[in-house]
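>>> Sequence unavailable; structure follows:
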């Protein structure tokens with residue numbers, strides 16, 4: 001920990017990651033398939049705790065998990081779309097139910113999660129519909145699919 005002459009505190013090894021999906025993943029769900037959301041580009045991973053789309057808590061604490069996922073290729077007959085923050089001890093869901101507009105859907109998500117050291121977090125997506133036509137949007141960080149995790153306390 002570093003405290004500068006203004007009193008600002010810096011903890012350079014405090015867990016913090018920002019990753020995004022830099023290429024769209026085609027036809028991943030829509031038929032009930034549950035997939036782990038791909039985050040193949042890291043803008044930063046301050047403590048090297050994020051690998052293969054999974055964050056592993058290095059210490060016990062409360063972590064802010066926040067981000068956004070965009071999905072395209074949604075048909076007319078979708079019953080529900082589910083974005084899940086899958087944590088070792090519990091799951092947190094953002095669900096869109098009923099008939100949805102054909103085309104694109106966006107899922108903002110955030111949750112402060114108590115985690116023990118060694119617990120993991122990943123995002124999962126699934127949709128119940130007719131066929132596997134849903135694409136998880138990638139390409140750029142702006143308004144696409146990204147994930148940010150930070151130790152809060």
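That came through fine. If you're wondering where the values come from, they're calculated on a predicted model, not measured in any experiment.
>>> before we move on, which element is residue 127 in?
Residue 127 belongs to strand 120-128 when assigned by DSSP states H and E.
>>> Point to the helix or strand of this protein where mean pLDDT is at its lowest.
Of all the helices and strands that make up the chain, the one with the lowest confidence by mean pLDDT, DSSP states H and E is strand 9-10; it has a mean of 72.
>>> if you average pLDDT over the next helix-or-strand element following that strand, what comes out?
Under the assignment DSSP H and E, the closest C-terminal helix or strand after strand 9-10 is strand 16-20. Per-residue pLDDT values across strand 16-20 average out to 95.
>>> Likewise for stretch 115-135?
Model confidence over stretch 115-135 averages 89 on the pLDDT scale.
>>> list the contacts for residue 103?
When the contact criterion is C-beta atoms under 8 Å, 6 or more residues apart in numbering, the partners of residue 103 are 72, 74. In short, each C-beta sits where N, CA and C put it, glycine included.
>>> what residues does the next helix or strand after the strand holding residue 127 touch?
Remark: after strand 120-128, the chain's next helix or strand is strand 134-136, criterion DSSP H and E. Contact with strand 134-136 is made by 21, 24-30, 35, 37-38, 69-74, 125, 127, 145, as judged by C-beta under 8 Å, 6+ apart.
>>> where along the chain do the helices fall?
Taking DSSP state H as the criterion, the chain carries no helices.
>>> Okay, now the unreliable bits of it?
12, 76-79, 97-102, 141-143 (pLDDT under 70).
>>> Throw together a PyMOL command that grabs the buried residues out of the contacts of strand 134-136.
The PyMOL command for the buried members of the contacts of strand 134-136 (criterion: 16 or more other C-beta atoms under 10 Å) is given here:
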select buried, resi 21+24+25+28+29+30+37+38+69+70+71+73+74+125+127+145
